[in-house]
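J.: What shape does this take:
(one chain, ligands or ions: 3)
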Amino acid sequence: MSNLYLAVIGVGGVGTAFLSQLASLAPSMRPTLIFISRSSRQLYTNDYKPISPSNLQTSSSKLLSLPELTTYLAAAPGKSILVDNTSNQDVAAAYPSFLRKGISVVTPNKKAFSSSLSLWNDIFDAVDKSNGKAMVYHESSVGAGLPVISTLKDLVATGDQVTKIEGVFSGTMSFLFNSFAPVDGSGKGKWSEIVSQAKDAGYTEPDPRDDLNGMDVARKLTILARLAGLKVQGPENFSVQSLIPKELETVGSSEEFMQRLPEFDGDMEAYKDNAAKQGKVVRYVGSIDVAKGEVKVGLQMVDRGTPIASLMGSDNLICFYTKRYPCPLVIQGAGAGGEVTAMGVTGDLIKVVERLR
Ligand SMILES: NC(=O)C1=CN([C@@H]2O[C@H](COP(=O)(O)OP(=O)(O)OC[C@H]3O[C@@H](n4cnc5c(N)ncnc54)[C@H](OP(=O)(O)O)[C@@H]3O)[C@@H](O)[C@H]2O)C=CC1
Ligand SMILES: N[C@@H](CC=O)C(=O)O
Ligand code: NA
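T.: Ligands and ions are numbered 1, 2, ... in the order given. A predicted model of the protein is given here:
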């Protein structure tokens, strides 16, 4: 496609899967890739010629700062779309600047939508003021590729009243507890070993402590709460149960954290045994009570026969209770992993392309 241009920041698990899905799109739906970057390398040309991702590793392009990238994309000979596949806060904080220059943003990065309320307002003000020229889509910021954000937006836009949202919002936490404490009472290894497996499978955040401290779930609930109409200030403003052992809270690197985690396997065994004594299993759940304005994130002892207890793999389970759906509208499926997350990103990109071309 000649008149739409694409910049991709971040080529890790999600970014790599996204690039392969991008390559499989029909040429009429595929914007011209003109910029790609990892944390310390960028590839682009000054004359907006198409680039090939495979050349990123050997690229010697001068590194553009975020304001320089904004200027570069704004001067492209057609409309530009930025795909942010990082979890970087600085990139997220630059979305309003991109949007104000007419550059649409597509991302699985939760940071922009779950940090300060003022960043949230700046982003959506910029979208509103662009008169349809700049869009933001972030389906994969909650439930990876599952249609969670789009469903909630449709419920709200069509006048339904959301009363409660609850379920399992983390692919990592789901995988950890489904493997560590399955309903049949067995278990597929020690807690720390299963955390390593979740990291190797690409389910965790770049730093797995962001999952284990509950912040990943807290960020997702912040996003959903805001979309449901609550003015949540941020994930620090409600109760979040961390699974990081106290002794490891001040550890510097994620590598050292992973090395020392086995010392605390006994703590998680205790949670599991305690639940088993009550005939239950332990799971990491979240809920938003819209009427009370209450958000909660943490461990719960769950009855064995319930849908939450019976989840498999990295599945998420999201229940929307609304005026129209007093028996909840339920969305379930894989909530983490490169391919399913990239599917949400690519799907969002297709929506932007359809609206811009
Ligand atoms: N993995 C999953 O299942 C899901 C992930 N997400 C979200 O998707 C995003 C990406 O996750 P994932 O792919 O797993 O993470 P990875 O750690 O695999 O990849 C992150 C990528 O971002 C790059 N990066 C980081 N900072 C910058 C920067 N300032 N400029 C350019 N590139 C940068 C890294 O560069 P380098 O390679 O040089 O380190 C790396 O390529 C995150 O926001 C995550 O929350 C959302 C839903 C599910
Ligand atoms: N680390 C996250 C990835 C998706 O948002 C998770 O495990 O759910
Ligand atoms: Na989603």
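
J.: is the one helix or strand residue 223 maps to anywhere near ligand 2?
T.: Per DSSP states H and E: residue 223 is located in helix 215-227. Yes. Against ligand 2, helix 215-227 shows contacts by Cβ under 6 Å from any ligand atom at residue 216. In this view, the C-beta of every residue, glycine as well, is placed from N, C-alpha and C.

J.: That helix and ligand 3 in contact?
T.: No. Helix 215-227 stays clear of ligand 3 (Cβ under 5 Å from the ion), getting no nearer than 9.3 Å.

J.: and that helix, what does it pack onto?
T.: Here helix 215-227 touches helix 111-114, helix 148-157, strand 162-168, strand 239-240, strand 280-289, strand 294-303, going by 3 or more Cβ pairs under 8 Å, 6 or more residues apart in numbering; DSSP states H and E.

J.: make it 7 Å
T.: If you count contacts as 3 or more Cβ pairs under 7 Å, 6 or more residues apart in numbering; DSSP states H and E, helix 215-227 packs onto helix 111-114, helix 148-157, strand 280-289, strand 294-303.

J.: Tell me the residues on the stretch 51-200 of the chain that lie near ligand 1, please.
T.: 85-88, 91, 108-110, 140, 144, 171.

J.: coming back round to it: please identify the deepest-packed of the helices and strands packed on helix 215-227.
T.: Ranked by mean neighbour count, these are led by helix 111-114 with a mean of 24 (mean count of other Cβ atoms under 10 Å).

J.: And the pLDDT at the residue nearest the centre of the chain?
T.: For the chain, the residue sitting closest to the mean C-alpha position, by Cα atoms, centre = their mean, is residue 141 at 3.0 Å. Listed pLDDT for residue 141 reads 98.

J.: Residue 106 is in contact with that one, correct?
T.: No. Counting by Cβ atoms under 7 Å, residue 141 stays clear of residue 106, with 10.6 Å between them.

J.: now the angle between strand 162-168 and the helix holding residue 223, please.
T.: Inter-element angle recorded for helix 215-227 and strand 162-168: 160 degrees (by axes from the mean of the first three to the mean of the last three Cα atoms, to 10 degrees).

J.: Okay, the residue in the stretch 151-300 of the chain that ligand 1 sits nearest to and residue 139: tell me how far apart.
T.: Nearest residue of the stretch 151-300 of the chain to ligand 1 (Cβ to the nearest ligand atom) works out as residue 206 at 3.4 Å. Distance, residue 206 to residue 139, using Cβ to Cβ, to the nearest Å: 20 Å.
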